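Student: the sequence and its predicted three-dimensional model are supplied below.
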Amino acid sequence: MKVLVATEKPFAKVAVDGIRKEIEAAGYELALLEKYTDKAQLLDAVKDANAIIIRSDIIDAEVLDAAKELKIVVRAGAGYDNVDLAAATAHNVCVMNTPGQNSNAVAELALGMMVYAVRNFYNGTSGTELMGKKLGIHAYGNVGRNVARIAKGFGMEVYAYDAFCPKEVIEKDGVKALDSAEELYKTCQVVSLHIPATAETKNSINYALLKDMPKGAMLVNTARKEVINEAELIKLMEERADFKYMTDIMPAANAEFAEKFAGRYFSTPKKMGAQTAEANINAGIAAAQQIVGFLKDGCEKFRVNK
Ligand code: NAD
């Protein structure tokens, strides 16, 4: 069996070493395609792969057509909107993610961006504190739960809304569960976004939702840029000089945001929530273990195209 690691943005060496150990211990062969610059390289590399580990790499119908021997793709990370699930199912390919492996890294970054924002981007002027502020967690999954844990340490009052997670599960963590996204945004001065990008959530963070946030509002987005209605966020920030937007996923309209909202808009140059040595290693090794479990025992835990 041949397991391909196809990563435009490679794993750290220590993570690749860990993946290799898992794959070779199972008696499989590991192949690496790192820092590829052209889709043709990916199409060539997947030809004889039985399993593929990816990060943000795009697996579409063309790649699946080229991968005649493929049985499983594992996205080392949480979001899997870079994989065409319908095409994978049509090709009889199992798709998995590795939930939870990078959640602490993303959560720490979200809190870091909140501190950066309330301290005026470290520009030397007097800022405010997070303690006592109301934080709304939009989607209480693996990342959201870690944000809650850290935010409570800062002394924030933590609220959450999740469309699928029962309120009792949220409240047992000492977090106040609300009934709707609207209520969350009305209640909280700071909202940290952790919804996946789905047909339902794309463009859902819009003017109507954001306009009722309390004075001094801040939106922190470490989820996906697609969930934001960028034109409506720009309109809102034009109307509200008190509104801050912090993200590690650069908007398509980054230049416009940067020009219009200096001092209250920040984007990292690259998506970097999960960019820590720990998350890299955890997610890579989990991906390798899930592949071995699937190929040897048919284990489909974490399958996302059921
Ligand atoms: P997760 O699957 O553990 O949690 C997602 C949560 O969203 C679930 O609790 C689910 O019930 C909830 N949800 C789904 N649809 C919803 C809706 N319409 N309204 C409200 N809640 C909804 O995922 P996670 O690990 O917490 O990650 C969340 C998202 O963050 C991922 O989908 C991914 O897009 C993004 N992410 C970004 C980075 C980064 O580097 N910035 C890293 C990891 C994950």
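Tutor: Looks like it came in fine. Numbering: from 1, shown residues only.

Student: what about whichever residue of the stretch 151-300 of the chain sits closest to the ligand, how many residues nearby?
Tutor: Closest approach between the stretch 151-300 of the chain and the ligand, counting by Cβ to the nearest ligand atom: residue 273, at 2.8 Å. Any C-beta I mention is one placed from the backbone N, CA and C, and that applies to glycine too. By the criterion of other Cβ atoms under 10 Å, residue 273 has 26 neighbours.

Student: surely it and residue 103 touch.
Tutor: No. Residue 273 is beyond contact range of residue 103, at 9.3 Å (criterion: Cβ atoms under 8 Å).

Student: now do the shared contacts for these two.
Tutor: Common contacts of residue 273 and residue 103, defined by Cβ atoms under 8 Å, 6 or more residues apart in numbering, comprise residue 143.

Student: what is the neighbour count of the residue in the stretch 101-250 of the chain that the ligand sits nearest to?
Tutor: Proximity of the stretch 101-250 of the chain to the ligand (Cβ to the nearest ligand atom) peaks at residue 141, 1.7 Å away. Neighbours of residue 141 under the rule other Cβ under 10 Å: 18.

Student: and for residue 18?
Tutor: 20.

Student: so what's the residue of the stretch 101-250 of the chain closest to the ligand closest to, chain neighbours aside?
Tutor: Leaving aside its sequence neighbours, residue 141 sits nearest to residue 194 (Cβ to Cβ, 6 or more residues apart in numbering; 6.0 Å).

Student: can you pull the residues of this protein lying near the ligand?
Tutor: Counting by Cβ under 6 Å from any ligand atom, the chain comes close to the ligand at 77-79, 99, 102-103, 106, 139-144, 162-165, 194-197, 200-201, 222-224, 248-249, 271, 273-274.

Student: name the helices or strands packed onto the longest helix seen in the chain?
Tutor: If you go by DSSP state H, the chain has its longest helix at helix 277-297. In terms of contacts (3 or more Cβ pairs under 8 Å, 6 or more residues apart in numbering; DSSP states H and E), helix 277-297 is packed against strand 2-7, helix 13-25, strand 51-54, strand 72-75, strand 94-97, helix 103-118.

Student: one more pass at 6 Å, please.
Tutor: helix 13-25, strand 72-75 (3 or more Cβ pairs under 6 Å, 6 or more residues apart in numbering; DSSP states H and E).
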